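Sequence and predicted model, in that order:
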Amino acid sequence: MRFPGLRATSELAVLVLALVGLAFAAQVGAFPRPSSVQLLTANVLKTLLSYPVMRATTRVDGRAAATVCLNERVTIRRDRHRPLASLVLVNGVERYYDVGHGIRQLGGAALPYPRARVRFLLAACPALLAGRLGVRLSHRGPISPRLTRIDGVPALEFEFGRAGSRVALFVQSHTLRPVWLALSGQGAGSDLEPTARSERVEPALQSAFKRRVRFA
């Protein structure tokens with residue numbers, strides 16, 4: 001199963017800048033002004049893309065797991081192309097990755113694909129979420145953020161994705177920092193802890209994936 005948009009993070013950055021530019025142009029009457037929801041979504045994208053690392057505590061069927069996702073450009077074997085990868089480590093043991101060709105599990109006892117997909121999605125990789133939301137934004141799909149609360153803090157809920165892998169992303173309403181992810185209709189969710197620094201997790205991820213990828 002492929003997740004469109006993961007390899008287009010640079011295009012997403014261009015999209016964010018374009019929307020900001022349109023907002024400025026609208027002030028001088030050059031173009032129609034983007035809607036407030038479009039600008040809000042663009043700012044959520046910008047915030048997501050500022051985090052190369054996402055730590056999460058996931059809960060599925062009452063069971064908790066610790067995950068970390070690193071978005072990093074990697075070299076795959078002898079391929080000169082350096083795709084942006086989402087590398088996921090679950091409980092320091094289970095390894096999953098996506099370099100734009102679908103979710104793959106590396107080593108260990110193979111899980112059925114639906115379970116592996118849930119594990120991967122709950123890791124809330126920033127580039128993957130930005131890709132999903134960016135596709136919706138670029139195709140002018142309906143985006144209807146809902147004001148709610150997470151742990152008593154005002155938050156905005158964005159729901160997006162396709163059937164079977166639809167997610168609800170919750171961000172703090174003032175900072176747009178992602179705080180919670182839920183898989184729609186599956187009773188699974190993640191407490192999120194994004195970080196803008198990857199130095200502390202790179203060695204662990206590099207060691208876990210060393211036989212498959214090389215960090216660019």
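Good, I have the coordinates.

so where's this protein uncertain?
Within the chain, the segments meeting pLDDT under 70 span 1-33, 75-83, 141, 163-164, 202, 206, 210-216.

how about the helices of it, start to end?
9-27, 36-49, 113-122, 126-138, 202-208 (DSSP state H).

Pull out the buried residues from the second one.
For helix 36-49, burial by neighbour count (16 or more other Cβ atoms under 10 Å) applies to 38-42, 44-49. For every residue, glycine as well, the C-beta is placed using N, CA and C.

And those, which is closest to residue 128?
Distances from residue 128 to those, taken as Cβ to Cβ, are shortest for residue 48 (9.3 Å).

Sheet-wise, list the partners of the strand of greatest length in the chain with their directions.
Longest strand in the chain by number of residues (criterion: DSSP state E): strand 63-76. Partner strands for strand 63-76, per DSSP bridges, with pairing direction: strand 53-60 (antiparallel), strand 84-90 (antiparallel), strand 213-215 (antiparallel).

closest one to residue 127 among those strands?
Among the strands paired with strand 63-76, strand 84-90 sits nearest to residue 127 (Cβ to Cβ), with 6.0 Å.

now the angle between helix 126-138 and that closest one, please.
Going by axes from the mean of the first three to the mean of the last three Cα atoms, to 10 degrees, strand 84-90 is angled at 130 degrees with respect to helix 126-138.

Kindly tell me how buried residue 68 is, as a neighbour count.
Neighbours of residue 68 under the rule other Cβ atoms under 10 Å: 23.

Does it touch residue 123 like I think?
Yes - in terms of Cβ atoms under 8 Å, residue 68 counts as a neighbour of residue 123; the distance is 7.4 Å.

anything in contact with each of the two?
Taking Cβ atoms under 8 Å, 6 or more residues apart in numbering as the criterion, residue 68 and residue 123 both touch 54, 56, 88.

Select from those the one having the most neighbours.
Greatest neighbour count in the shared contacts of residue 68 and residue 123, by other Cβ under 10 Å, goes to residue 88: 31 neighbours.

residues touching that residue, list them.
Residue 88 neighbours (Cβ under 8 Å, 6+ apart): 67-69, 95-97, 119-120, 123, 125.

Closest one of those residues to residue 60?
Nearest to residue 60 among the contacts of residue 88: residue 119, at 8.1 Å, using Cβ to Cβ.

Tell me which residues touch the closest one, please.
58, 65, 67, 88, 90, 94, 96, 111.

give me that answer again for 6 Å
With contacts defined as Cβ atoms under 6 Å, 6 or more residues apart in numbering, residue 119 is in contact with residue 90.

Just name the closest of the shared contacts of residue 68 and residue 123 to residue 190, please.
Distances from residue 190 to the shared contacts of residue 68 and residue 123, taken by Cβ to Cβ, are shortest for residue 56, at 4.1 Å.

Go through stretch 110-124 and flag the buried ones.
Across stretch 110-124, burial judged by 16+ other Cβ under 10 Å covers 116-124.

Quick one: distance of it to the chain centre.
For stretch 110-124, the separation from the chain centroid amounts to 14 Å (computed by Cα atoms, centre = their mean, to the nearest Å).
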